[in-house]
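Engineer: Here is a sequence with its predicted model. Questions after.
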Amino acid sequence: MHLTLRALISHGRVARRMGLGPESRINMLRNILTGLVRHERIETTRARADEVRFYAEKLIDYAKKGDTNEKSMKMADFWLTEKDLIPKLFKVLASRFENQSSGYTRMARLPNRENLDRAAMAVIEYKGNPFPPLFPVKKENELNLVNQLLKGYREERAQLTGFQD
Amino acid sequence: MAVSSRRAGGVVGSVRLLRSLQHQDGRLFSTSVARHTAGSEGQPPKFVPPSKPVIIDKAKSQASLRQFLSPEFIPPRQRTNPVKFAMERKDMIQRRKILNIPEFYVGSVLEVTMLDPHAASKTNRFVGICIQRSGKGLGATFTLRNIVDGQGVEICYELYSPRMKHIEVLKLEKRLDDNLFYLRDALPEYSTFDFDMKPVHLSPTQDVPVNQIKVRMKPRPWSKRWERPKFNVQGIRFDQCLTPEQMEHAQKWAEPWRQYDMLKEYDTSSVEEKILQEVQAELNK
C-alpha cells in the first residue's frame, strides 16, 4: 500500500535492506560482528561484509572511550551476543588501535561461493590480526640472472660516482 | 554640568588656550570647539568625529552569556560539497547583519512582521508559538501557530526571506519536544496567544527555561497516533486520554534496536563549535 513517495525513492539512503526487516538486519549484523570480534577474520557475502565494516569501526570507536563509559558498555553489551568477548573488545582491540583514528578493518573480495547461489564473497578482518596477510608481499628472487646483472650494474654506477666525487 | 570657576569669568579665545585648560582640569566637557584639531591658522579646522561610546557591562562577563548557534547553520550529513555550506553561511551572516534574528526555540512565542504588498499598511503582523524549526541554510523556516477567532492558524515563515521586516521573541522558552505538532490535537487553550502580548524579558546570562507542561488532548482520533514511540512525545498527559492497555499496545511499535544503531547517529558537537566561533567572529566584525 503506497503511502508516501518518500518510501519508494531511496536517494541518500545509506543502510542496505537485508534479511526480513530492520530488526532482522540488525540481528544479522550483530551475529556477524560478534564472529568478527571473536575470530578477527571472517568470510561472508560482499554486501554483509560492507555493512558490518561500518559497525565494526564504530564499535572500536566506542571501545576506545573506555569501559567505564556507560554508553560504550551498553553498545558493547548489545552488539556482542557472546559476553566473553566484551573484555576482549575493551582490552585487546581498543589498545591495539589506540594510535589510529580510523581504518581498523580491511576488506578483500573472494571468488564466488561454490554453492548453487554463487554468492559474491568477501573476507573482512581487523588489522593487526595474527594470521598471515591477506595480500602477501611477493619477494623478488635475488638469484635470477636478470637480477644479478642489475645488481652488478648498480654497483658499477655507485663506484663511478664514488670516483667522480 | 560642573564648570570650573577658572573659566566662569574669562572669555575663551583661541583654541590653544582651551586645550591648555583641558590638560589642567580633566572635567572639561567636550564641545565642538575642543574637538577641532588646531591646524595651521590659515586653514579651516579639520573635523574629527567623536569616539563611539563602548558599553562594557562589567557585571556580566563574556563567558557567562549563553551561546546559541541557530540550528540552520549546522550542515546536514550529505554528500554535497562543503563549499555550498560555506557560501550559504556567508549569505546568512550577511542577512543577519541587516535583520536581527533573535535566539528562539520550539515552544517560544514570537511576533513576526512581514512586508505585504496587498495589505493597507504594507505589513502584516502575526503572533504565535513556534511549533517547528526545519530546513538548513538560507531556506530555514519556522512555523508559528495561534488560534484566531476560534480557527487554528499555522504560518510557516522563512527566516532569511527578504520580506521579513521584524522578528521579536515575546517569550523565550523551550519545551519537552523538538516539534509541537500535537498541539493540533490538544485543547485550544494551549495554542491561543494574545496578539498584544507583552514581551517577557529573560536575562542573557540565564539558562533558557524548559516548560515542563504536559498538554491535555481532545478526544481521539488524533491526526497522528502520538502515543506511538516513533514520535517520542514527552509533552502530552497520556494518563488522562489513554488506558494502560492502549499504552502497552502502542509499545508494540517500539524499535528497541534503534538506540544502538550507530548508523543513525550524527554527532555534531565538533562541527557546531567550529561554526559557532566562525559565525560569532563574522558577526562581531
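Structural biologist: Sure, I can see it.
Engineer: Now do the contacts for the closest residue to B:Arg133 other than its chain neighbours.
Structural biologist: Closest residue in space to B:Arg133, ignoring its immediate chain neighbours: B:Phe142 at 4.8 Å, by CB to CB, 6 or more residues apart in numbering or on different chains. Bear in mind the C-beta positions are built from the backbone N, C-alpha and C, glycine included. Residues counted as contacts of B:Phe142 (CB atoms under 8 Å, 6 or more residues apart in numbering or on different chains) are B:104, B:110, B:130, B:132-134, B:156-157, B:159.
Engineer: Could you rerun that using 10 Å?
Structural biologist: Applying CB atoms under 10 Å, 6 or more residues apart in numbering or on different chains, we find B:Phe142 in contact with B:72, B:101, B:104-106, B:108, B:110, B:112, B:128, B:130-135, B:155-159, B:167.
Engineer: can you check B:Asn211 too?
Structural biologist: B:Asn211 neighbours (CB under 10 Å, 6+ apart): B:107-108, B:171, B:173-176, B:235.
Engineer: Mind putting those residues into CSV with distance to chain A, secondary structure and pLDDT?
Structural biologist: Listed next are those as CSV, based on distance: CB to the nearest CB, whole Å; DSSP: H, G, I helix; E, B strand; the rest coil; pLDDT from 0 to 100:
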residue, distance to chain A, secondary structure, pLDDT
B:Gly107, 27, coil, 95
B:Ser108, 29, coil, 96
B:Lys171, 35, strand, 95
B:Glu173, 29, coil, 94
B:Lys174, 24, strand, 95
B:Arg175, 25, coil, 95
B:Leu176, 22, coil, 95
B:Gly235, 25, coil, 93
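Engineer: Out of those, which is nearest to A:Ala56?
Structural biologist: B:Leu176 (36.0 Å; CB to CB).
Engineer: B:Leu159 contacts B:Ile167, correct?
Structural biologist: Yes - contact criterion CB atoms under 10 Å: B:Leu159 and B:Ile167 qualify, at 7.8 Å.
Engineer: In terms of neighbours, single out the busier of the two.
Structural biologist: Neighbour totals were compared for B:Leu159 and B:Ile167, and B:Leu159 leads with 21 against 18 (other CB atoms under 10 Å in any protein chain shown).
Engineer: Kindly provide the distance from the residue lying closest to that one once chain neighbours are set aside to B:Ser134.
Structural biologist: Leaving aside its chain neighbours, B:Leu159 sits nearest to B:Ala140 (4.8 Å; criterion: CB to CB, 6+ apart). To B:Ser134, B:Ala140 is 7 Å away according to CB to CB, to the nearest Å.
Engineer: where do the contact lists of these two overlap?
Structural biologist: Between them, B:Ala140 and B:Ser134 share the contacting residues B:71-72, judged by CB under 10 Å, 6+ apart.
Engineer: Tell me the spacing between B:His118 and B:Val148.
Structural biologist: Distance from B:His118 to B:Val148, by CB to CB: 18 Å.
Engineer: Quick check: of the contacts of B:Asn211, which has the highest neighbour count?
Structural biologist: B:Gly107 leads the contacts of B:Asn211 on contacts (other CB under 10 Å) with 25 neighbours.
Engineer: give me every residue that touches that residue.
Structural biologist: Neighbours of B:Gly107 in contact, by CB under 10 Å, 6+ apart: B:129-131, B:171-180, B:183, B:208-211, B:213, B:235.
Engineer: can you give me the helices in chain A?
Structural biologist: A:5-8, A:22-39, A:46-64, A:70-79, A:85-87, A:94-96, A:145-164 (DSSP state H).
Engineer: And the fourth one, what's buried?
Structural biologist: Judged by neighbour count using 16 or more other CB atoms under 10 Å in any protein chain shown, the buried positions of helix A:70-79 are A:72-73, A:75-76, A:78-79.
Engineer: how about B:Pro44, secondary structure?
Structural biologist: When classified by DSSP: H, G, I helix; E, B strand; the rest coil, B:Pro44 comes out as coil.
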